[in-house]
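Asks: have a look at this prediction, sequence included:
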Amino acid sequence: MSSQALTSPREDFSEWYNEIVYRADLAAASPVRGCVIIKPYGYELWEGIKGALDRRFKATGHQNAYFPLLIPMSFLQREAEHVEGFSPELAVVTIGGGKELEEPYVIRPTSETIIGDAFKKWIQSYRDLPLLMNQWANVVRWEMRTRPFLRTMEFLWQEGHTAHATHDEAEAETMQMLDVYADVAINEAAIPVIKGLKSNKERFAGALRTFSIEGMMGDKKALQCGTSHNLGQNFAKAFEIQFVDENNQRQFCWTTSWGMSTRMVGAVVMAHGDEKGLRLPPRLAPYQVVIVPIFKTDDDRGVVMENVERLKRELVAHDIRVHVDTRDYQPGFKFNDWEMRGVPVRLELGPRDVANNAVVAARRDKPGKEGKRVLTQDNISASIRDLLIEIQANMLQQATEFRDANIFDVKSYDELKGVVEQGGFARGWWAGTDDEELAIKAEIGATHRCYPLDQPGGTGTCFYTGRPAERVAIFAKAY
RNA sequence: CGGGGCAUAGCGCAGCUGGUAGCGCGCGCCGUUUGGGACGGCGAGGUCGUCGGUUCAAAUCCGGCUGCCCCGACCA
């Protein structure tokens, strides 16, 4: 907590982001390069996301399990594309108990291989399918450059792994989990993500098809917020995950995997934050309401605190997450501090309010006086509940309007360059090759984000090659 | 791995024409304050990243090492 002003996001978005992470108390620097300490406030935010996901996983029939952190090196090598994709960023354990290991272990960068090996043993018959599993875990990827939450060498995530009897079932699972991610992003995090199919170049190493949800951050860059992969039979063949079908025929399974990580915390910061700090969607906020008591004399203190405690009890009884700020700071300091930390609703309660059976409510999604109003204390939990719902909806609306105002349809490469230069998503008909996609990336730094699932229909002319195109794609600078 | 920086109090920095360390914020105590980032007084806190060299004397000059940050190529 500092009394200095926050760097403006318009001035230096990157610096603004780093300052918020630090000053909103989400994370702290660690002694290990590229790793951060997730502090309690940041971890609670992650727990909110985690809970929202976990409920949905269970509602769709998945069970949680836990697999080892260490994976035999040879497992990674079983799937050619997979090992090629992950080799550069593996951390490898070569010594254990003071002795060089016969076979090195890699610290999991993802768990398709070790879970594939288990699935091989667990699946024999079509009666064992589908096998629907998820694990909450940490993974390590030796990244060159890191940023808190967005890319760290160790991060927390969930990885779902499923096995099915047919391609279509696997595809349906892949899409179902993509929908779960979009549901969480949109309705919990208030980030209006776009569902889409990844290009060949952006596809997960070893997958048949990769789908993602892409969010637009406050600087108009894209952030991949979750991915869902149809792995086809690639891993099933590499790990011999087979079953006997109704006709007593041996077949390879069709598998999927899907993941969402602590990167989502960074997404919430970058999608909603403003010049005063973090803005948290009520559904994920560790504290939905903070009460700031205000008093001068000891007499006032007693009266005010009694009222504050009564309000708190009532809100808690209605499942509203409340925090009372009793720290020995002046109110103005606390207002700024909680705005930095993004609490959706602040209640200010002083002697005047006690006398009037009132409380001043300030909403974080609207700045200054515009967001402040006096509420009666009668029926306070109902008022607050409605207010939280309204804030959640308003934040989604604001983010959606921002996104839609910054997606541009392009018909030529020059137009795309213009969009990328001024910031935003460029959407256009695309029929380029992998190499042509890479050429665009090399020249202007924009990448193929996805082919949105929501397509205009019909066909068009590729903005880059002039060839006939069957799909539109989104290009943008990305994190 | 290529390019550029930086390492001094919890954080941010100054000191670098050599003489044994200081500022702001933060922290502790006391008092006055408290409806939009309060103020005064007192106080605690540092083997100056590390190893070596020069010197009567090194945070300061020289060399090696290590770590971190920023910009690129790779990525949830």
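Replies: Here it is on my side, so go on. Numbering: from 1, shown residues only, chains lettered A, B, ... in the order given.
Asks: near RNA strand B, which residues of the stretch 1-150 of chain A are found?
Replies: With CB under 7 Å from any atom of the strand as the criterion, the stretch 1-150 of chain A comes near RNA strand B at residues A:1-6, A:14, A:18, A:32-34, A:85, A:88-89, A:141, A:143-147, A:150. C-betas here are computed from N, CA, C, even on glycine.
Asks: now, which of those residues lie within helices?
Replies: Mapping those onto helices (DSSP state H) picks out A:14, A:18, A:85.
Asks: and the residue in the stretch 201-350 of chain A that RNA strand B sits nearest to, how many neighbours does it have?
Replies: Minimum separation of the stretch 201-350 of chain A from RNA strand B (CB to the nearest atom of the strand) falls at residue A:350, amounting to 2.1 Å. Using other CB atoms under 10 Å, residue A:350 has 20 other residues around it.
Asks: how near is it to residue A:340?
Replies: Using CB to CB, to the nearest Å, we find residue A:350 at a distance of 22 Å from residue A:340.
Asks: how about residue A:319?
Replies: Residue A:319 is 26 Å from residue A:340, by CB to CB.
Asks: got it, and residue A:434?
Replies: Residue A:434 is 44 Å from residue A:340, by CB to CB.
Asks: between those two, which one's more packed in?
Replies: Applying other CB under 10 Å to residue A:434 and residue A:340 shows that residue A:340 carries more neighbours, namely 20 against 11.
Asks: which residues are in contact with that one?
Replies: Going by CB atoms under 8 Å, 6 or more residues apart in numbering, residue A:340 touches A:1, A:6, A:20, A:23, A:24, A:276, A:277, A:278.
Asks: excluding chain neighbours, give the residue nearest to residue A:92 in space.
Replies: Spatial nearest neighbour of residue A:92, chain neighbours left out: residue A:104 (4.9 Å); criterion: CB to CB, 6 or more residues apart in numbering.
Asks: following the helix or strand where the one you found lies, which helix or strand comes up?
Replies: Counting by DSSP states H and E, the element that carries residue A:104 is strand A:99-107. Per DSSP H and E, the first helix or strand lying C-terminal to strand A:99-107 is helix A:112-122.
Asks: now that following helix against strand A:99-107, angle please.
Replies: For helix A:112-122 against strand A:99-107, the angle by axes from the mean of the first three to the mean of the last three CA atoms, to 10 degrees is 90 degrees.
Asks: what's the spacing between helix A:112-122 and its chain's center?
Replies: Distance of helix A:112-122 from the chain centroid (CA atoms, centre = their mean, to the nearest Å) equals 27 Å.
Asks: domains of chain A?
Replies: Domain assignment for chain A by automatic domain parsing gives A:13-272, A:289-387, A:407-476.
Asks: most tightly packed of those?
Replies: Most buried of the domains of chain A, by mean neighbour count (mean count of other CB atoms under 10 Å): domain A:13-272, with a mean of 19.
Asks: distance between the ends of that domain?
Replies: Using CA to CA, to the nearest Å, the end-to-end distance of domain A:13-272 comes out at 12 Å.
Asks: try stretch A:91-102
Replies: End-to-end distance of stretch A:91-102: 17 Å, with CA to CA as the criterion.
Asks: contact partners for residue A:44?
Replies: By CB under 8 Å, 6+ apart, the contact list for residue A:44 reads residue A:286.
Asks: quick one: it and residue A:83, what's the gap?
Replies: From residue A:44 over to residue A:83 the distance is 37 Å, taken as CB to CB.
Asks: try residue A:172
Replies: Residue A:172 sits 29 Å away from residue A:83, going by CB to CB.
Asks: do residue A:194 as well
Replies: Distance of residue A:194 to residue A:83, computed by CB to CB: 31 Å.
Asks: what does residue A:148 give?
Replies: Residue A:148 is 29 Å from residue A:83, by CB to CB.
Asks: what's the answer for residue A:179, then?
Replies: Taking CB to CB as the measure, residue A:179 falls 31 Å from residue A:83.
Asks: cool, and residue A:98?
Replies: From residue A:98 across to residue A:83, the span is 28 Å (CB to CB).
Asks: equivalent analysis for residue A:360, please.
Replies: Relative to residue A:83, residue A:360 is positioned 60 Å away (CB to CB).
Asks: please apply the same query to residue A:60.
Replies: Distance, residue A:60 to residue A:83, by CB to CB: 31 Å.
Asks: how about residue A:240?
Replies: 17 Å.
Asks: and residue A:66, by the same measure?
Replies: To residue A:83, residue A:66 is 24 Å away according to CB to CB.
Asks: for stretch A:402-419, what is the distance to the chain centroid?
Replies: Counting by CA atoms, centre = their mean, stretch A:402-419 comes out at 25 Å from the chain centroid.
Asks: can you list the low-confidence ranges for chain A?
Replies: Scanning chain A for pLDDT under 70 picks out A:1-4.
Asks: where do the helices sit along it?
Replies: Along chain A, counting by DSSP H, helices occupy A:13-23, A:40-59, A:73-76, A:80-86, A:112-122, A:167-187, A:234-238, A:263-272, A:298-317, A:331-340, A:351-356, A:380-405, A:413-422, A:434-444.
Asks: list the helices and strands the first one packs on?
Replies: Spelled out, that is helix A:13-23. Packing partners of helix A:13-23 (3 or more CB pairs under 8 Å, 6 or more residues apart in numbering; DSSP states H and E): helix A:263-272.
Asks: and the angle for the helix it packs on with helix A:13-23?
Replies: Counting by the same axes, to 10 degrees, helix A:263-272 lies at 120 degrees to helix A:13-23.
Asks: can you state the direction angle for helix A:263-272 and helix A:40-59?
Replies: 110 degrees.
Asks: name the helices or strands packed onto helix A:263-272?
Replies: Under the contact criterion of 3+ CB pairs under 8 Å, 6+ apart, helix A:263-272 touches helix A:13-23, helix A:40-59, strand A:209-216, strand A:222-232, helix A:380-405.
Asks: wait, which of these is closest to residue A:330?
Replies: helix A:13-23 (18.3 Å; CB to CB).
Asks: now the farthest one out in chain A, which residue is it?
Replies: Most distant from the centre of chain A: residue A:299, at 47.2 Å, with distances by CA atoms, centre = their mean.
Asks: identify the residues contacting that one.
Replies: If you count contacts by CB under 8 Å, 6+ apart, residue A:299 has none.
Asks: which bits of the stretch 151-300 of chain A sit near RNA strand B?
Replies: With CB under 7 Å from any atom of the strand as the criterion, the stretch 151-300 of chain A meets RNA strand B at residues A:151-153, A:155, A:157, A:202, A:204, A:212, A:224-227, A:259-263, A:276, A:294-296.
Asks: can we see that at 6 Å?
Replies: The stretch 151-300 of chain A comes close to RNA strand B at residues A:151, A:152, A:155, A:204, A:224, A:227, A:259, A:261, A:263, A:294, A:296, as judged by CB under 6 Å from any atom of the strand.
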